[in-house]
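Visitor: Structure of the sequence below:
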Amino acid sequence: MSSLEYEINVLRNLISFNTDSITKKHYKECANYLVKECKSLGMDVTALDASLESKDNLDRPNIVAKYNANKDKTVALLMHYDVVPPGKGWNKNPFELTIEKDKLFGRGVADDKGNIAVALGALKEAKEKLKYNIVMFLVCDEEVGGEYGAGYVSKNFSDNIDEVLVLDAGNEFVGIGASGVVFGEIKVYGEQGHAGYPFMYKNAIEDLIRLAYQLKDFSLLRAGKISKFDASPISPVKKNFGRFTITMLGGGEKENVIPSEAYLRFDMRLIPEEDVDEAINELKTYLLILSNKLGIKAELNWIRGGGNYYSDPDHASVKKFVKIASQIYGKNLSVGTEFGGNDGRYFANRNIPIISFGLAGRDSNFHGPDEHIHLKDIEKLKKLLVDYLTT
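Guide: Modelled structure (predicted):
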């Protein structure tokens, strides 16, 4: 019998639930399974459902599971059970755990159901020798922003916690912050008319193309925002930096009609310590100056986002985690900030250390076909959690 039998069985059950964050059809079944499993480990379990606040009548159960070890401090383990849609190109059934040699395949094995299975397994092994009280937040909707997942839990959970381990990341460095993201849409206006008479009308799509080309200079401006914190080891430069990327274009009514409106949508990444309102105002000012320069009627139609945060890399909890993780993974793990975002953002205002780590390897292909993890990484993460929580 494998020492990972429990974790693999839990993961097999979790993968069987298609908890696609778009349809949310099987959130409730997956949450019910997690409630049962947490209770079997002696945890006190509460379900916080954000369905009434979300107003779309879709179940959004979030599980808060506590294990009271009668200690002075409490560590929160934050994970999510929702997944992105499977997409095309799979060679395996995405909702059936497949094991081939040292690899485990299935949608969510790396992001983030594998981490849930490991966390439960670590508690099962360590609960008699814990040095902390444990609370697990097993939330939904992380893949669509987390407002009704970790965001809802954070607003409705008032108990004291001393640190948060976000088990939703890779294992190549220890994360102590994230970039967050700002999404938005720029709309360009022209004049609708017959395409046979292009000299009579102002073409919104042509103006949009000119605007989009010039926005490359704003991308360079964003890249000049250099963080004081290191980035992921895969970064082309040592420090985290700002980014602006055009990701969608649209417009037009018909082939023979000059379009009166066109749009582009963008993804703007912040550095962890940046003020989101200042970043948005900088974009608004740049767009106003650029559209006037080009003689284009353009406006920022909508914009939303944020979620950047950071923790003190010199905090004792961070140093302890790095030391133990480096010993287990056999290398000196660096401390850095993520290019993306994570649910840790919702607990950043509590002024406690937030540490990110997880099962995803560089080859895991999470969000892609044949998402997978390695058995050795399950073993290492489990040992890391056991050692950290019992030291």
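Visitor: helices and strands of this protein: which one bottoms out on pLDDT?
Guide: helix 51-54 (a mean of 90; mean pLDDT, DSSP states H and E).
Visitor: Show residues contacting it.
Guide: Asn57, Leu58, Asp59, Arg60, Tyr148, Tyr152 (CB atoms under 8 Å, 6 or more residues apart in numbering). For the C-beta atoms, the positions are set from N, CA and C on the backbone; glycine is no exception.
Visitor: try stretch 268-280
Guide: In contact with stretch 268-280 (CB under 8 Å, 6+ apart) are residues 177-184, 222, 225-229, 240-245, 283, 303, 305-306, 308-310, 337, 339-340.
Visitor: Stretch 187-202 now?
Guide: Contacts for stretch 187-202 (CB under 8 Å, 6+ apart): 203-208, 211, 251, 253, 255-264, 296-299, 301.
Visitor: hmm, 7 Å instead?
Guide: With contact meaning CB atoms under 7 Å, 6 or more residues apart in numbering, stretch 187-202 is reached by 203-204, 207-208, 211, 256-263, 296-299, 301.
Visitor: same check, this time on stretch 88-104
Guide: 11-12, 15-16, 18, 86, 105-107, 369-370, 372-376.
Visitor: circling back: list the pairing partners of the helix or strand following the least confident helix or strand of the chain within its sheet, with orientation.
Guide: Sequence-wise, the next helix or strand downstream of helix 51-54 (DSSP states H and E) is strand 61-67. Here strand 61-67 is paired, per DSSP bridges, with strand 44-49 (antiparallel), strand 133-139 (antiparallel).
Visitor: now for those strands, which one comes closest to Asn171?
Guide: strand 133-139 (19.7 Å; CB to CB).
Visitor: List the buried residues for whatever helix or strand comes next after that closest one?
Guide: The helix or strand immediately downstream of strand 133-139 is helix 150-156, counting by DSSP H and E. Buried residues in helix 150-156, counted by 16 or more other CB atoms under 10 Å: Ala150, Gly151, Tyr152, Val153, Ser154.
Visitor: Report the angle between the helix or strand that contains Leu34 and strand 133-139.
Guide: Secondary structure assignment for Leu34, by DSSP H and E: helix 27-40. Taking axes from the mean of the first three to the mean of the last three CA atoms, to 10 degrees, one finds helix 27-40 and strand 133-139 inclined to each other by 170 degrees.
Visitor: just use 667 as the starting number from now, easier for me
Guide: Fine by me, first position is 667 from now on; the one you just mentioned is helix 693-706.
Visitor: Helix 693-706 packs against which elements?
Guide: helix 671-681, strand 710-715, strand 727-733 (3 or more CB pairs under 7 Å, 6 or more residues apart in numbering; DSSP states H and E).
Visitor: What's the first helix or strand after the host helix or strand of Asn947?
Guide: Per DSSP H and E, Asn947 falls inside helix 942-960. Next helix or strand after helix 942-960 toward the C-terminus (DSSP H and E): strand 963-972.
Visitor: Pull out the buried residues from that following strand.
Guide: Ala964, Gly971, Gly972.
Visitor: Let me see the contact set for the spatially closest residue to the first one that is not a sequence neighbour.
Guide: Just to be clear, that refers to Ala964. If the residues on either side of it in the chain are set aside, Ala964 comes closest to Ser957, at 4.1 Å by CB to CB, 6 or more residues apart in numbering. Taking CB under 7 Å, 6+ apart, we find Ser957 in contact with Leu877, Lys963, Ala964.
Visitor: Among the residues you listed, which one sits closest to Ala697?
Guide: So of the contacts of Ser957, ranked by how close each gets to Ala697 (CB to CB), first place is Ala964, at 44.2 Å.
Visitor: Quick check: beta-bridge partners of that closest one?
Guide: Val854.
Visitor: thought it was touching Ala878?
Guide: No - the criterion here is CB atoms under 7 Å, and Ala964 misses it with Ala878 at 10.5 Å.
Visitor: Same question for Phe1013, what's its three-state structure.
Guide: helix (DSSP: H, G, I helix; E, B strand; the rest coil).
Visitor: Quick check: it touching Val830?
Guide: Yes - between Phe1013 and Val830 there is a contact under CB under 7 Å: 5.0 Å.
Visitor: intersection of neighbour lists for the two?
Guide: With CB under 7 Å, 6+ apart as the test, Phe1013 and Val830 both reach Ile1020.
Visitor: who has more neighbours, the two?
Guide: Between Phe1013 and Val830, counted using other CB atoms under 10 Å, the more crowded position is Val830 (27 against 23).
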